[in-house]
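Participant: What would the 3D arrangement of this be:
(chains A and B)
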Amino acid sequence: MGQPEEAGNALRRDVTVWGSFMWGYADVGADIYTALGLVAGAAMGATPVAFAVAGIVYLLVGLAYTELASSYPVAGGGQYFTLRGLGDVWGFVCGSALLLDYTIDISLFAVSSSGYFNFFLPSLGVNIQSFVVNIGPFVGVNVLWLVETLVIIGFLIAINYVGIKISSRINEVLGVVAIIGQVVIVIFGFVFAWDPNQMLLQMRLQFPDMHNFMYGSSLAIISFVGLESISQVSQETRRPATIVPRTSISLVLNVLIFALAFSVLGMGLLPWQVLGAHAGDPIAIVAQKIPIIGAIAAPMTALIGGVIVLISSNSGVMSASRLTYSMSTFQLLPEWFSAVHPRYHTPYRTIIVFSGVAVVQAILAFLSGGAMNTLANMYAFGATFGYLLVFISLIVLRFKDPFTPRPYRMPLNIALKGQDDGAPRISFPILAVIGFLGVGTILFEVILTHAIGRIAGPAWVLVMLLFYYIYRRKAGLPPWRALPRDWEAQQRHTLREAEEFELLAEYEQALADKAARGGQST
Amino acid sequence: MKRGFVVAIGLVALVLGLIILVRGIVEHGSLLYDLFGVLFMALGVARLYDARRRSS
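Facilitator: I've put the predicted structure just below:
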């Protein structure tokens, strides 16, 4: 039976409200720095439309995560919600899809971070293209860029091994610098350089065909991946029921505004072909076009871009390690992963193993000749597949567990009568159904248009599922059946440990009412 | 919020709105862009008015 974790190996609750926001921002706020060039290359004149379509879906994903992360503030995020809602196998499948995303997060953003730092190479007299070589059957491998990426991942492994306190502080300082930089670029860009006619002309004359638009809008979803981080860090957040909804909704709006602003600004400053050609440093190229401040803004933006993308990669290391920690706690992965470092209190084994996976992914992506596109393909698959299961779980949990207090609910609900007299009313979430359809559409686009994502993504999930099967058989656990778990004790423990005493009292009352009615345990 | 901060925000919004409006008219004559300028200026004026009301 899965038990709440022992006091000895519990993750420490030392992330504040600002820290929680910055963990999310570090992950999702940086995405536009990576996505703009990739999306422009695919969605052409319709780049802002592609971002808007993905943004609407993201908004719904954000609301779903806000509800679930504030109700169940434990490390694990989507995997934990799916485990509770749909059982062990689906919980594992969701976890493996999200794990794919976190490892890609590490590798993709390490590649992107190097791309921004490479902006400075010409001024140092170094031509990045001169490092492109052919290695046997692999054509166009950029050796310097690959080495830079591996050095970055190594650095991140080291700082995460030492502990979250240091990582949170790095995130907070760098995040503030990045937000100020973004605000300056957006304001100066719109005021001094943006040309609405250029954007409209591109939209009118260079609108992509359906295939390219679907590819572009499904790539655009990668600019909104990262809210999961708030859920991941919710186990380490003080008073999560109060903090998580606040930080989560601020984050959703912040990221949405910046993503739309940068895509609209970019298309009003440059032809989409230029943005597409600079997939490594698109925001720096946008800043370069701004008069008066352009000469200073471009290198500043490259620096900020490199750093913010670096902290995004860092949050990937953190989230991957916490997700595997959660999965091993619930016997979806071997216990070996749940060990916490005796001195630093970090899940050091998972940090090393899954950051190691990111290293392999980065090497393979470079060998494919188009590192960023390859990684972005897989990133989109993992995110949409995981989110799809999260939406289903949210709907199921509204029925299965109406007793857990929800400090935040997705808006637009239909009240349904409880199962027996006096049972709590169940509110059916209409927006979750719309979100499910939206994410389902984007997953369909990914499978239809992403040549690598549709093969490598499901292959990853299947290999992980095989590993899961072998582990459960060896451990004498049923592979396809859910283990009996005392979710009520787990929820009590979580709320007490999070110091959410009012919610705990509310929960106890709901359970007492259920017991009085002679209801069955969920 | 301190009065000085409100005044600063108001002045910045007013100046930015004015620049957008002038650029819109002189450079590309886009009505939407001009409207953004007017909106920024209106926000700036509202903030300055708010600051004046607080001080009196």
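Participant: what about the strands in chain B?
Facilitator: Taking DSSP state E as the criterion, chain B contains no strands.
Participant: Please give me every residue in contact with the residue in it that chain A sits nearest to.
Facilitator: Scanning chain B for proximity to chain A using CB to the nearest CB identifies residue B:30 as nearest, at 4.4 Å. All C-beta spots, glycine's among them, are computed from the backbone N, C-alpha and C. When contacts are counted by CB atoms under 8 Å, 6 or more residues apart in numbering or on different chains, residue B:30 touches A:196-197, B:24.
Participant: Could you dump those residues into JSON lines and include neighbour count?
Facilitator: As requested, the contacts of residue B:30 are arranged in JSON lines below (neighbours: other CB atoms under 10 Å in any protein chain shown):
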{"residue": "A:196", "neighbour count": "20"}
{"residue": "A:197", "neighbour count": "13"}
{"residue": "B:24", "neighbour count": "20"}
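Participant: Tell me the one among these nearest to residue A:231.
Facilitator: Distance to residue A:231 across the contacts of residue B:30 (CB to CB) is lowest for residue A:196, with 38.5 Å.
Participant: which ones are touching the closest one?
Facilitator: For residue A:196, the residues meeting the contact criterion (CB under 8 Å, 6+ apart) are A:268, B:28, B:30, B:32-33.
Participant: Among the contacts of residue B:30, find me the one that's closest to residue A:372.
Facilitator: Distance to residue A:372 across these (CB to CB) is lowest for residue A:196, with 29.3 Å.
Participant: between the contacts of residue B:30, which is closest to residue A:463?
Facilitator: Distance ranking of the contacts of residue B:30 against residue A:463, using CB to CB, places residue A:196 first at 48.6 Å.
Participant: Nearest residue to the closest one in space, ignoring adjacent ones along the chain?
Facilitator: When the adjacent residues along the chain are set aside, residue A:196 lies closest to residue B:30, with 4.4 Å between them (CB to CB, 6 or more residues apart in numbering or on different chains).
Participant: before we move on, what about residue A:249?
Facilitator: For residue A:249, the nearest residue in space outside its immediate sequence neighbours is residue A:66; the separation is 6.1 Å by CB to CB, 6+ apart.
Participant: what helices or strands is the strand or helix carrying that neighbour leaning on?
Facilitator: Counting by DSSP states H and E, the secondary-structure element that holds residue A:66 is helix A:47-71. Here helix A:47-71 is seen to pack against helix A:31-43, helix A:196-205, helix A:210-220, helix A:228-234, helix A:240-269, helix A:371-400, helix A:430-449 when contacts are counted using 3 or more CB pairs under 8 Å, 6 or more residues apart in numbering or on different chains; DSSP states H and E.
Participant: now the ones you listed in CSV, with mean pLDDT?
Facilitator: Rendered in CSV, the data for those read as follows (pLDDT from 0 to 100):
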stretch, mean pLDDT
helix A:31-43, 94
helix A:196-205, 91
helix A:210-220, 94
helix A:228-234, 71
helix A:240-269, 90
helix A:371-400, 94
helix A:430-449, 95
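Participant: Pick the most buried one from the ones you listed.
Facilitator: helix A:228-234 (a mean of 31; mean count of other CB atoms under 10 Å in any protein chain shown).
Participant: need the contact list for the residue in the stretch 301-450 of chain A that chain B sits nearest to.
Facilitator: Using CB to the nearest CB, the single residue of the stretch 301-450 of chain A nearest to chain B is residue A:301, 19.7 Å away. The neighbours of residue A:301, taking CB under 8 Å, 6+ apart as the test, are A:181, A:185, A:283-284, A:286-287.
Participant: Closest one of those to chain B?
Facilitator: Set against chain B, the nearest of the contacts of residue A:301 by CB to the nearest CB is residue A:185 (14.0 Å).
Participant: Could you tell me the angle between the strand or helix carrying that closest one and helix A:31-43?
Facilitator: Using DSSP H and E, residue A:185 maps to helix A:164-188. Put simply, helix A:164-188 runs at 50 degrees to helix A:31-43, going by axes from the mean of the first three to the mean of the last three CA atoms, to 10 degrees.
Participant: and helix A:164-188, how far from the chain's centre?
Facilitator: Centroid separation between helix A:164-188 and its chain, computed with CA atoms, centre = their mean, to the nearest Å, is 18 Å.
Participant: tell me the mean pLDDT for it?
Facilitator: Along helix A:164-188, the predicted local confidence has a mean pLDDT of 78.
Participant: Against which helices or strands is that helix packed?
Facilitator: Under the contact criterion of 3+ CB pairs under 8 Å, 6+ apart, helix A:164-188 touches helix A:17-24, helix A:143-162, helix A:240-269, helix A:282-288, helix A:294-329.
Participant: give me that answer again for 6 Å
Facilitator: Under the contact criterion of 3 or more CB pairs under 6 Å, 6 or more residues apart in numbering or on different chains; DSSP states H and E, helix A:164-188 touches helix A:17-24, helix A:294-329.
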